[in-house]
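Chemist: Output the structure for:
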Amino acid sequence: MGRRIRWLGLVLVICFALVLLQLTNIQVRQASSLNAATTNPRNTNGPDGQRGIIRAATGAVLAKSVKVPHPAAGSNAGAGSGGYYRTYPTATLFSGIVGYSSTVYGTQGVEYEYNTQLVPHQQAATTLGQLLDPPAPAPDDVVLTVRRDLQTLVKTALASLPGPNKDAAAVAIQPRTGAVLAMYSTPSFDPNALADPDVKAEETARKVDMTADAEGFEPLQPLATWYPLLPGSTFKVVTSTAAYHLKPTLATFDYPVVACTKTATPLPTHLDICNEPSTHGGVKGKPCGGKMTQMLPASCDPGYATLGYKEEPTILSAQAEDFGFNATPPIDLTPHTVKKSTFPSVDSLQPGAKKGPGPGGVPFAAIGQGTVTATALQDAMVAAGIADTGTVMTPHVMAQIRSSQGTAVQTYTPKPYKQAATAAAAKKVGTLMQKVVTTPQGTAHGIGFTPNDHVAVKTGTAQVGTPVTTVNDWMIGFAPATNPTVAVAVLVPHQPRDTTGAEVAGPVFKQIIEGVLAQQRATH
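Modeler: Purely as a prediction, here's the structure:
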């Protein structure tokens, strides 16, 4: 009998220890993740459903809570809302940034990232009276870096795209701080439908927003941050930087003027990379070459493919990662709406690689083809890194958090994210990008940028499919080159194969960068 009691006691002690272990696990180790989980009801609304206001940098209200109307008999409107629901006065304009707050599906975007501040919480005492009698819990307000006028400008510019395929994305960043000035994607979604007091209406809207459109993009996932696509010749900015920054012996690389690689260079024997048409009536296979000062403005594919091959996988991969490739950008938005851009692993580019393109993938990677991918956000960060003397700042959308009394609780402090290059290397690449606009051979020479804006750009036309069926048209850049205050990336996928980045993305880029510069001049 005594032995059985001892065994029973031992089992009870073990059970008690397991209970304590699980309590510790939940309350300590998993506390943060459980607190932030979208399935946690606290992350949708506070005790009464109230949430703080989200504002644009210009003061425009982007999200606020309002009382749920008295539901009709038998209706399920407002179920679980606590008496309030979210409204979004600008509808689709900021949905890719602000996100939504739903009683059924939780939160996304800024609503998710700053949920702790937006739901009612204990306010810090600012007076002796409040110290003795603490104020009631209240939500904070979040002020963003994005401006309504610039966001409208970007949306309007993208809407002017020609042709039937109008899905596109554009990002404008302040290079020295990483502040996102505007970021818009099409397709987009209306967050009001996902915050509807009627649960059935929310479910219907969610289904629509998660259905891909004719071009394959879901409205709920922003094209600017979620869909990494072939970057084409915009990647030549990275390849150029690698030469100046990591392998200076190639800074004076001089490529013979030829139409295709087979006639000039020792690339893998099965490769024949030919130059593509210029925006000035050139034909496929038009000869090009020279030093980088000639090759980048003309976007010479054979020369850059060979330059990348000479840089070798280790150098090219290191430079791509210095700009942020192969890592999820640390922007303060929902993790499941932001994807990393990719550059193939060094091992996959080596001879005899079991998986990956092998050495033949290096020339293609150097010109933004093959298995390289980039989001519009990542390419904007590349342009911003060159603009900011080689430093890629952490991209962010929060400018300030304010208490319910209007006092600043937190102000964002700019932080470096990556050191992509030395200042000297970045300056040289920036000079090359200016020549894309200023020299007659430059692929952006005919777009018509105002000379006083000192715009520096790189065009991109990524060929999609084998054989080629469509192209991704790009333009990235910054201005003024003498003192950069804005970096922009424009992506227009699924365009006819005979179009170019200069023709399709160029006019949109021009509208955006000139509009941002005009706004900046007007407010300074």
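Chemist: which regions of the stretch 251-400 of the chain sit below the pLDDT cut-off?
Modeler: For the stretch 251-400 of the chain, applying pLDDT under 70 flags the ranges 269, 277-285.
Chemist: distance of residue 50 from residue 111?
Modeler: Separation of residue 50 from residue 111 (Cβ to Cβ, to the nearest Å) stands at 14 Å. Where C-beta positions appear, they are placed from N, C-alpha and C, glycine not excepted.
Chemist: now do residue 315
Modeler: Distance from residue 315 to residue 111, by Cβ to Cβ: 42 Å.
Chemist: likewise residue 497?
Modeler: Noted for residue 497: a distance of 40 Å to residue 111, by Cβ to Cβ.
Chemist: neighbour-wise, which of those two wins?
Modeler: residue 111 (27 against 13; other Cβ atoms under 10 Å).
Chemist: Just give me the neighbour total for the residue lying closest to residue 180 once chain neighbours are set aside.
Modeler: Nearest non-adjacent residue to residue 180, counting by Cβ to Cβ, 6 or more residues apart in numbering: residue 397, 5.0 Å away. By other Cβ under 10 Å, the residues close to residue 397 number 25.
Chemist: thought residue 397 was touching residue 331?
Modeler: Yes. Between residue 397 and residue 331 there is a contact under Cβ atoms under 8 Å: 6.9 Å.
Chemist: list the residues that contact both of these two?
Modeler: The contact sets of residue 397 and residue 331 overlap at residue 180 (Cβ atoms under 8 Å, 6 or more residues apart in numbering).
Chemist: Could you list the low-confidence segments of the stretch 1-150 of the chain?
Modeler: Those would be 1-13, 15-49, 70-82, 124-134, if you go by pLDDT under 70 across the stretch 1-150 of the chain.
Chemist: Tell me which stretches of it form strands.
Modeler: Counting by DSSP state E, counting those that start in this stretch, the stretch 1-150 of the chain has strands at residues 54-55, 61-67, 84-87, 100-102, 106-108, 141-144.
Chemist: need the contact list for residue 456.
Modeler: Residue 456 touches 386, 387, 430, 433, 434, 436, 437, 477, 478, 479, 481, counting by Cβ under 8 Å, 6+ apart.
Chemist: Save these as CSV, and put in secondary structure, neighbour count and distance to residue 64 too.
Modeler: Listed next are the contacts of residue 456 as CSV, based on DSSP: H, G, I helix; E, B strand; the rest coil; neighbours: other Cβ atoms under 10 Å; distance: Cβ to Cβ, whole Å:
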residue, secondary structure, neighbour count, distance to residue 64
386, helix, 34, 39
387, helix, 28, 35
430, helix, 21, 42
433, helix, 27, 42
434, helix, 21, 44
436, helix, 28, 44
437, helix, 25, 43
477, strand, 32, 36
478, strand, 29, 35
479, strand, 27, 35
481, coil, 21, 41
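Chemist: which ones are touching the residue nearest the centre of the chain?
Modeler: Residue closest to the average C-alpha location in the chain (Cα atoms, centre = their mean): residue 377, at 2.7 Å. Neighbouring residues of residue 377 by Cβ under 8 Å, 6+ apart: 171, 183, 224, 225, 329, 331, 338, 395, 489.
Chemist: Would you confirm that it belongs to a strand?
Modeler: No. Using DSSP: H, G, I helix; E, B strand; the rest coil, the assignment for residue 377 is helix, not a strand.
Chemist: ok, now how distant is it from residue 328?
Modeler: For residue 377, the distance to residue 328 - Cβ to Cβ - is 10 Å.
Chemist: for residue 486, same thing?
Modeler: Distance from residue 486 to residue 328, by Cβ to Cβ: 24 Å.
Chemist: Who has more neighbours out of these two?
Modeler: Set residue 486 next to residue 328 and count neighbours by other Cβ under 10 Å: residue 486 wins out with 26 against 13.
Chemist: How about the backbone phi and psi for that one?
Modeler: phi -150, psi 140 (degrees, to the nearest 10).
Chemist: can you count the residues close to the nearest residue to it once chain neighbours are set aside?
Modeler: Of all residues not flanking residue 486 in the chain, residue 516 sits nearest, at 4.6 Å (Cβ to Cβ, 6+ apart). Residue 516: 24 surrounding residues under other Cβ under 10 Å.
Chemist: Name the SS class of residue 516, please.
Modeler: helix.
Chemist: State the pLDDT value of it.
Modeler: Per-residue confidence (pLDDT) for residue 516: 98.
Chemist: Format the contacts of residue 456 as JSON lines; extra columns: distance to residue 521.
Modeler: Below are the contacts of residue 456 laid out as JSON lines (distance: Cβ to Cβ, whole Å):
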{"residue": "386", "distance to residue 521": "22"}
{"residue": "387", "distance to residue 521": "17"}
{"residue": "430", "distance to residue 521": "21"}
{"residue": "433", "distance to residue 521": "22"}
{"residue": "434", "distance to residue 521": "20"}
{"residue": "436", "distance to residue 521": "24"}
{"residue": "437", "distance to residue 521": "19"}
{"residue": "477", "distance to residue 521": "18"}
{"residue": "478", "distance to residue 521": "16"}
{"residue": "479", "distance to residue 521": "12"}
{"residue": "481", "distance to residue 521": "16"}
